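Student: build me a model from this:
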Amino acid sequence: MSKVKNPNIDTLTEEIQNSNYKGASAAEVQSHYDINDVSDDFYRLWLGKTFAYSCALWEENEGYDELDQAQMRKLDLHAVQARVKGAQRVLDIGCGWGEQLRHLVEVHGVEKTVGLTLSNSQAKRIKSLENPRIEVRLEGWSEHSPEQLYNGIISVGAFEHFSKLEISQEEKLEGYRNFFKRCHEWLEPSGWMSLQTVTYQNMFREDFNSFIIQVLPGVDLPTIADIAKASERLFEIVTLQNDREHYERTCKAWLSRLRANRATAINLVGQEVVSRYEKYLTLVCLSFHSGANGLVRITMQRIDNPRY
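Tutor: Residues are numbered from 1 along each chain as shown. A predicted model of the protein is given here:
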């Protein structure tokens, strides 16, 4: 596998590295995912065995008790969309607790997976797997500098952290554009990327719920148009599906599990935190039910000779 070098985009790399990163800080991410050093135990109560803190992929008649199965189906979807079966190197941007990394290695035969996270607890859990084919880096995409190209890139539930509400729309699009430039630089020619993110749908940016910001600081959402604009002439959007109803079902499953394990959760993190997450999950359910937010899963292919 060759060292990263892309003459069509190398002239942009210095510009990207010198620009100010506009997304969530490590401290903001850790405030949500690293709760009192017991975050793993707390999240395990309601996320299920996959530790997947993102929208599952449901079949029509599945119940909430089949959450783990629906999450595994989601992991398979992104592996298929990124065309990485048997690949040498795959990058997972915003890898969470590492289930996608493990799944790629154990099920899809990927030789080496690299995950990026800003959460200490997530990185610690991935390292505990002690799998030489799985590497985790405690860094964001703007800091990442691989020595070799990737065959495919997957990013699930991280794009929401790549902007902040306090920056302008122009700065927001610039940040997204820089993200896609970096992904373009890291991918092999004609490589594939699978992206999943929550979007603004029937709402405006200024309508973002202030309570959700308190629970999940350093967050903003793209519109589908933002993604298309930021990735144009870098990636071809091949497929796009909106599964907002799947996220409503996922959040309801999480809420059901949290309530079923409420006493244990209170012992771990306290009444206030549990109540806050119950309210948070309820509001998120409502946002997807009403259509205020969407959940898109996008297949993208690298354009090898972009025009600037």
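
Student: neighbours around Trp254, how many?
Tutor: 23 (other C-beta atoms under 10 Å). C-beta here means a position set from N, CA and C on the backbone, and glycine is covered the same way.

Student: and it, its phi and psi?
Tutor: phi -60, psi -50 (degrees, to the nearest 10).

Student: now do the strands in the stretch 101-250 of the chain.
Tutor: 112-117, 134-138, 150-156, 187-200, 235-242 (DSSP state E, counting those that start in this stretch).

Student: so what secondary structure elements neighbour the last one?
Tutor: The helices and strands touching strand 235-242, judged by 3 or more C-beta pairs under 8 Å, 6 or more residues apart in numbering; DSSP states H and E, are helix 169-186, helix 224-231, strand 293-302.

Student: can I get those in CSV including distance to Gln100, mean pLDDT and mean neighbour count?
Tutor: Converted to CSV, those look like this (distance: least, C-beta to C-beta, whole Å; pLDDT from 0 to 100; neighbours: other C-beta atoms under 10 Å):
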stretch, distance to Gln100, mean pLDDT, mean neighbour count
helix 169-186, 16, 97, 20
helix 224-231, 20, 98, 18
strand 293-302, 13, 98, 21
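
Student: any idea which of those gets closest to Asn242?
Tutor: Using C-beta to C-beta as the measure, strand 293-302 is the one of these that comes nearest Asn242, at 4.9 Å.

Student: roughly how far does the closest residue in space to Lys229 that isn't next to it in sequence sit from Ile227?
Tutor: Excluding the flanking residues, the one nearest Lys229 by C-beta to C-beta, 6 or more residues apart in numbering is Leu173, at 6.2 Å. As judged by C-beta to C-beta, to the nearest Å, Leu173 and Ile227 stand 10 Å apart.

Student: if we can go back for a sec, so who does the residue nearest to Lys229 touch?
Tutor: 226, 229-230 (C-beta atoms under 8 Å, 6 or more residues apart in numbering).

Student: for those, which one is nearest Arg102?
Tutor: Ala230 (30.0 Å).

Student: these two touch, right, that closest one and Cys183?
Tutor: No. Using C-beta atoms under 8 Å, Ala230 is not in contact with Cys183; the gap is 10.8 Å.

Student: which residues of the protein fall in helices?
Tutor: Counting by DSSP state H, the chain has helices at residues 10-18, 26-33, 39-47, 67-81, 99-106, 120-128, 169-186, 210-215, 224-231, 244-260, 262-269, 271-290.

Student: okay, and the beta partners of Phe235?
Tutor: Here Phe235 sits in beta bridges with Arg302, as judged by DSSP bridges.

Student: contacts only, for it.
Tutor: Contacts of Phe235 by C-beta under 8 Å, 6+ apart are 180, 183-184, 193, 300-303.

Student: now the residues you listed in TSV, with distance to Tyr247?
Tutor: TSV is the format used below for the contacts of Phe235 (distance: C-beta to C-beta, whole Å):
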residue	distance to Tyr247
Phe180	23
Cys183	24
His184	28
Met193	21
Met300	20
Gln301	25
Arg302	28
Ile303	29
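
Student: so where's the protein shaky on pLDDT?
Tutor: Applying pLDDT under 70 to the chain flags the ranges 1-22, 24, 26, 28-38.

Student: give the residue farthest from the middle of it.
Tutor: Distance to the chain centre peaks in the chain at Ala263, reaching 29.6 Å (criterion: C-alpha atoms, centre = their mean).

Student: give me the phi and psi for the nearest residue to Arg44 once chain neighbours are set aside.
Tutor: Of all residues not flanking Arg44 in the chain, Phe51 sits nearest, at 6.7 Å (C-beta to C-beta, 6+ apart). Main-chain dihedrals, Phe51, degrees, to the nearest 10: phi 60, psi 30.

Student: what about Phe51, neighbour count?
Tutor: When neighbours are counted by other C-beta under 10 Å, Phe51 comes out with 17.
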